[in-house]
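*Asks:* Build me a model:
(one chain, ligands or ions: 1)
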Amino acid sequence: MPAELTVVPNRSLEFWFPDGDVILSCPQPDGRPFVYRVHRFILSQHSMPFAEMFKTESLAPRQTLEGLPVLPLPEPATEIYKLLCCLYNALNRAAFHDLERPITRYDWLLRISIQYKIGPLRESIISQLKTEWPIALAGWDAREAHIGVLRRQHAAAGGRVHNMWLDDRLSEPVLTIHTARSIGLLQLLPAAFYDLTRRDPRADWNALHTVATRLLPENERLLAQGVRSARWSALSAQDLLVLAGLKETLSMLVRDMWDCKRMAQMAHPACELRRNEILDRAKEMAIVTRDPLHAAQVARQYTTNAGMCKPCEAEVVKCFLTFRVCCWQTLVKKFLKQGCIN
Ligand SMILES: [Zn+2]
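*Replies:* Residues are numbered from 1 along each chain as shown. Modelled structure (predicted):
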């Protein structure tokens with residue numbers, strides 16, 4: 001006979017159904033269990049592993065609570081709470097995902113959905129991750145345009161919107177790199193690593209987003225300016241090397257493609273002078289922003305009506321377009337050709 005639970009657990013108010021037929025027990029930091037009284041059929045319906053656990057022969061509990069079997073789970077109560085929110089709310093994404101925050105933050109929910117084989121939830125999170133970290137240049141440009149809109153919103157509001165800084169609302173690349181590796185979703189890596197090459201190594205996510213340090217004046221000033229931080233301390237030595245290599249590749253591309261172009265003679269000396277000015281400005285912007293894709297985009301727009309004749313203008317516009325495509329392809333090949341960068 002299983003023994004009745006002797007420790008008085010903390011009960012969930014929301015997920016304590018009088019007709020529930022199983023107790024889920026989760027650990028809490030203070031050592032006391034936290035319990036949910038839920039329905040086996042709801043959990044089984046969405047998750048094979050739960051269905052397996054609830055089979056009469058598997059559910060031979062060592063403990064009971066109010067006569068019901070207690071199923072101990074290793075996940076923290078807060079994570080199981082979110083999982084139950086999803087399962088009891090017809091997998092409505094808004095039930096677990098604050099739409100103002102990036103899906104990358106929900107790496108633990110993705111882990112649970114994979115572990116408990118909850119297909120629709122897993123697919124929903126993965127699909128959103130692919131939008132946040134696109135594999136195509138067009139997707140990247142759409143993402144950047146969206147971030148540009150948010151950035152202007154935050155600047156106009158003096159830093160905070162919905163009580164969040166810009167950095168709170170956008171995805172963080174190091175966590176994404178970990179997630180991508182852990183579930184084998186390598187197509188997130190090109191965008192995540194490119195994004196990381198743009199981040200300031202002095203802006204550490206942990207310093208800016210932990211309660212103890214977030215309110216320090218220097219951190220608040222950075223956040224108000226719209227700084228984009230990264231979990232630098234969580235980046236492995238090997239990934240740091242990958243990052244350094246990628247930065248080198250990007251500067252070489254700028255040097256090769258823009259400096260070569262600068263050497264080439266144009267049909268009209270006046271157009272050549274304008275072209276060289278544009279290339280110099282683009283290069284300077286690529287260095288300042290650490291973002292050659294963005295610099296090429298701005299320079300391309302600037303080239304139009306910069307005072308060159310139409311054929312020369314078209315040639316320079318093409319140079320920037322080709323650079324962007326080549327740059328993105330190099331990035332994608334770096335991570336996907338090798339299959340895995342371990
Ligand atoms: Zn010309």
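*Asks:* contacts and neighbour counts: CA atoms only from here.
*Replies:* Will do.
*Asks:* Tell me which stretches of the stretch 151-300 of the chain form helices.
*Replies:* In order along the chain, the stretch 151-300 of the chain carries the following helices (DSSP state H, counting those that start in this stretch): 166-169, 173-183, 189-198, 205-209, 211-214, 217-224, 237-254, 260-263, 269-289, 292-303.
*Asks:* And the longest one, what's buried?
*Replies:* In terms of neighbour count (16 or more other Cα atoms under 10 Å), helix 269-289 has its buried residues at 271-272, 274-276, 278-283, 285-286.
*Asks:* circling back: I'd like to know which of the helices of the stretch 151-300 of the chain lies nearest to residue 73.
*Replies:* Distances from residue 73 to each of these were compared using Cα to Cα; the minimum, 21.4 Å, belongs to helix 173-183.
*Asks:* hmm, who's touching that closest one?
*Replies:* Contacts with helix 173-183, where a contact means Cα atoms under 8 Å, 6 or more residues apart in numbering, come from 104-105, 107, 185-189, 192-193, 195-196, 230-232, 234-235, 342.
*Asks:* pull the longest helix from the chain.
*Replies:* Scanning the chain for the longest helix, with DSSP state H as the assignment, gives helix 310-336.
*Asks:* That helix: how far from the chain's middle?
*Replies:* 26 Å (Cα atoms, centre = their mean, to the nearest Å).
*Asks:* by contact count, what packs against it?
*Replies:* Counting contacts by 3 or more Cα pairs under 8 Å, 6 or more residues apart in numbering; DSSP states H and E, helix 310-336 packs against helix 189-198, helix 237-254, helix 292-303.
*Asks:* CA atoms only for the second one - export them in PDB, please.
*Replies:* By that I understand helix 237-254. What follows is helix 237-254 as a C-alpha-only set of coordinates in PDB (Å, rounded to 0.1, in the frame of the first residue of the first chain):
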ATOM      1  CA  ALA A 237      35.400  29.000 -25.700                       C
ATOM      2  CA  GLN A 238      34.700  27.200 -28.900                       C
ATOM      3  CA  ASP A 239      31.900  29.500 -29.800                       C
ATOM      4  CA  LEU A 240      34.000  32.500 -29.100                       C
ATOM      5  CA  LEU A 241      36.500  31.200 -31.700                       C
ATOM      6  CA  VAL A 242      33.600  30.700 -34.100                       C
ATOM      7  CA  LEU A 243      32.600  34.300 -33.500                       C
ATOM      8  CA  ALA A 244      36.100  35.600 -33.900                       C
ATOM      9  CA  GLY A 245      36.400  33.700 -37.200                       C
ATOM     10  CA  LEU A 246      33.100  35.000 -38.400                       C
ATOM     11  CA  LYS A 247      34.100  38.600 -37.600                       C
ATOM     12  CA  GLU A 248      37.300  38.100 -39.600                       C
ATOM     13  CA  THR A 249      35.400  36.700 -42.500                       C
ATOM     14  CA  LEU A 250      33.000  39.600 -42.600                       C
ATOM     15  CA  SER A 251      35.800  42.200 -42.500                       C
ATOM     16  CA  MET A 252      37.600  40.400 -45.300                       C
ATOM     17  CA  LEU A 253      34.400  40.400 -47.400                       C
ATOM     18  CA  VAL A 254      34.200  44.200 -46.900                       C
END
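*Asks:* Hey, what's the angle from it to helix 310-336? Just curious.
*Replies:* For helix 237-254 against helix 310-336, the angle by axes from the mean of the first three to the mean of the last three Cα atoms, to 10 degrees is 160 degrees.
*Asks:* Likewise for the first one?
*Replies:* Using the same axes, to 10 degrees, the inter-axis angle of helix 189-198 relative to helix 310-336 is 110 degrees.
*Asks:* What helices and strands are in contact with helix 189-198?
*Replies:* When contacts are defined as 3+ Cα pairs under 8 Å, 6+ apart, helix 189-198 sits against helix 173-183, helix 237-254, helix 310-336.
*Asks:* The stretch 201-342 of the chain against the ion: which residues are in contact?
*Replies:* Within reach of the ion by Cα under 5 Å from the ion, the stretch 201-342 of the chain has these residues: 268, 271, 309, 312.
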